[in-house]
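Enquirer: sequence first, then the predicted structure:
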Amino acid sequence: MKPVRVRFAPSPTGYLHVGGARTALFNWLYARQKGGTFVLRMEDTDEARNTDQARQTIFDGLRWLGLDADEGPEQGGPCAPYSQSERQSIYALAIAALKAKGVLYPCFCSRERMSALRTTQEANKLPYRYDRLCRSLAPDAIAARLAAGEVPAWRLFVPEGKTVLNDMVRGEITVEHADIEDIILVRGEGTPIYNLAVVIDDHTMGITHVLRGEDHLTNCFKQIIIFRAMGWEVPAYGHLPLILGPAGEGKLSKRKHPEAALEHYQVRDFHAEAFINWLVLIGWSFDDKTELMTRAELVERFSIERVNKSGARLNIEKLVSMSGDYIRRMDSASVRAKVCFHLVKAGLIAEPLSAESERKVTAIAAAEHERLKAFGDIVEMSRWAFADDLPMEEKALKNLKKDPGNALMLRDWAATLCDPLPDSATMEGAARAFCEARGVGFGQFVHPVRAALTGRTAGPPLFDCVKILGVQHSQHRLLRGADLAHSAAS
RNA sequence: GGCCCCGUCGUCUAGCCAGGUCUAGGACAUCAGGUUUUCAUCCUGGUAACACGGGUUCAAAUCCCGUCGGGGUCACCA
């Protein structure tokens, strides 16, 4: 059997779409499973704007997901170049061959005629399609117009008949050629339109399987017609279901949904393996129970036969849950490294880390490990630990003022803290004794203390918070809390 | 509008091809309870779906037809 060659062919529009990321993943998985080749190809013929930045976004996204290409713009390969913008000479050659075979015919119809035609068709409720006027042009008429300096576009000569596609995910689909337009494949200036460039590229790059979004299903028939007309081997196709917006309203678009861009997830820094696991489950499943799978297991288990046909909505909640799951399974050193990275990036601590920062980062990472859903979340989760004059949440303030005795309790307890702080369990024991001695319930102690220390009502276990802050800052905040409580009580 | 695709809990899905074992399974979300100093974790339990209508059959989520609903695509864009 021929070795598998698959490709991911994004257009550098400035962001990598999650749907694109999933397409890349499925292709990558398929290539790895079959011992095939995964090629990355830039479809950058049209959009010229900030191409470099846009290309970089795609490289970065794929790198984040660990979807390494075997051939592509970065690594090169036997079919280089891998950017359509650099393949014009290849296209020119192929186009000449297409013309020679009569697959293309020149069309001199003006845009004005086309829009007029369309208006008429619309008015008569006819399908909007080219009426094939230029098909009947006699060779000498064509020669004359060419000689006169008229510049034609070139259209696909769609023959009589029908095309049957045996789609790997959808099964057999038949389309009558009467329903296919003689689309323009070559611009007046001589460059190929997408549908032609894809065919030339897939052919010259020896692509054996094309896995792409369902939005290409209609294009597929035109492409197959070109392949056949040229006598080229047609690759196997599999059209993946689309990823819909959270409300099920059409496919995800960057404009309407920030979660359409991969960057959205990269910035928050979800666990990459969890993200992959979540992504693969959109439109594919292994069985009725298994959800958590390693990359190696996915490579082994992935199958196009089990890809769904219907579109799927994004369930971000599930990603959050999965990412939290993955993070909880990480060892503390790895979590600490991630936490450190984000705190530095947010400017909460500075590199090189002081001994105090080292200590603090370790304490925060340990305390928040089980609460983390995405690494980037650590910044907002632990902001309280870095500024003594942070604003107090309303509910926290309420807890502080709840009991008139709070002010005194906070001051008294602050006085019991001393350097070095014992471990959390010991501190808790002491605190419980402290409460018992003054006849206060532990709950009445915990809430105002948490409020004073963190300004919040939720967070890590209380004594871990004390450890994170250290004696000095803890005492300082307890006293400040006492003042706040007092001002309310009086 | 033409053509094409799709339709199981709120969401992602298993089951459908090879009809019975499906009083439809799992996960996330949600609700209730337990553990706990808050949150989180963890544990237990609950609510919740075969779009609709015909047909075939002893038997249909599973096969057939129709209806309705959703989506995709119709550029000298990709």
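Expert: The structure has been received and is ready for your questions. Residues are numbered from 1 along each chain as shown, chains lettered A, B, ... in the order given.
Enquirer: just the strands in chain A please.
Expert: Applying DSSP state E to chain A gives strands spanning A:5-8, A:37-40, A:104-107, A:153-156, A:162-167, A:171-176, A:184-186, A:209-213, A:236-240, A:243-244, A:312-313.
Enquirer: those into CSV, with extra columns for mean neighbour count and distance to A:Ala367?
Expert: Every C-beta, even on glycine, is put in place using the N, C-alpha and C of the backbone. Listed next are the strands of chain A as CSV, based on neighbours: other CB atoms under 10 Å; distance: least, CB to CB, whole Å:
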stretch, mean neighbour count, distance to A:Ala367
strand A:5-8, 25, 40
strand A:37-40, 24, 41
strand A:104-107, 21, 67
strand A:153-156, 22, 64
strand A:162-167, 15, 51
strand A:171-176, 12, 53
strand A:184-186, 22, 62
strand A:209-213, 21, 43
strand A:236-240, 22, 42
strand A:243-244, 22, 36
strand A:312-313, 15, 35
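Enquirer: A:Leu397 against A:Arg450, yeah?
Expert: No. Using CB atoms under 8 Å as the test, A:Leu397 is too far from A:Arg450 to be in contact (11.9 Å).
Enquirer: out of those two, which sits in the busier spot?
Expert: More neighbours surround A:Arg450 than the other of A:Leu397 and A:Arg450, with 23 against 18 (other CB atoms under 10 Å).
Enquirer: for the residue of the stretch 51-200 of chain A found nearest RNA strand B, what are its contacts?
Expert: In the stretch 51-200 of chain A, no residue comes nearer to RNA strand B than A:Tyr194, which is 3.0 Å away by CB to the nearest atom of the strand. When contacts are counted by CB atoms under 8 Å, 6 or more residues apart in numbering, A:Tyr194 touches A:43, A:45, A:219.
Enquirer: could you redo the last one with a cut-off of 10 Å?
Expert: When contacts are counted by CB atoms under 10 Å, 6 or more residues apart in numbering, A:Tyr194 is found next to A:11, A:43, A:45-46, A:84, A:185, A:216, A:219, A:223.
Enquirer: are any of these buried, and which?
Expert: Neighbour-count burial (16 or more other CB atoms under 10 Å) is assigned, among the contacts of A:Tyr194, to A:11, A:43, A:45, A:84, A:185, A:216, A:223.
Enquirer: near RNA strand B, list only the ones from the residues you listed.
Expert: When contact is defined as CB under 7 Å from any atom of the strand, the buried ones among the contacts of A:Tyr194 meet RNA strand B at A:11, A:43, A:45, A:84, A:216.
Enquirer: out of those, which are inside helices?
Expert: Counting by DSSP state H, no part of these is found in helices.
Enquirer: and the residues you listed, which is the shakiest by pLDDT?
Expert: Among those, A:Thr45 carries the lowest pLDDT, at 82.
Enquirer: surely that one and A:Ile200 touch.
Expert: No. Using CB atoms under 10 Å, A:Thr45 makes no contact with A:Ile200, being 11.5 Å away.
Enquirer: get me the contact residues on the stretch 151-300 of chain A for RNA strand B.
Expert: Residues of the stretch 151-300 of chain A lying near RNA strand B (CB under 7 Å from any atom of the strand): A:152-153, A:170-171, A:173-176, A:179, A:181, A:183-184, A:187-189, A:193-195, A:214-219, A:241-242, A:244, A:248-251, A:281-283, A:285, A:287-289, A:291.
Enquirer: rebuild the strands of chain A as TSV, extending it with mean pLDDT.
Expert: Converted to TSV, these look like this (pLDDT from 0 to 100):
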stretch	mean pLDDT
strand A:5-8	98
strand A:37-40	98
strand A:104-107	97
strand A:153-156	97
strand A:162-167	95
strand A:171-176	94
strand A:184-186	97
strand A:209-213	98
strand A:236-240	97
strand A:243-244	94
strand A:312-313	94
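Enquirer: which residues are in contact with A:Gln75?
Expert: Contacts for A:Gln75 were tallied using CB under 10 Å, 6+ apart; they are A:39-40, A:68-69, A:82.
Enquirer: tell me the spacing between the closest residue to A:Leu478 other than its chain neighbours and A:Arg63.
Expert: Using CB to CB, 6 or more residues apart in numbering and skipping residues adjacent in sequence, the residue nearest A:Leu478 is A:Ala414, 3.8 Å away. Distance from A:Ala414 to A:Arg63, counting by CB to CB, to the nearest Å: 49 Å.
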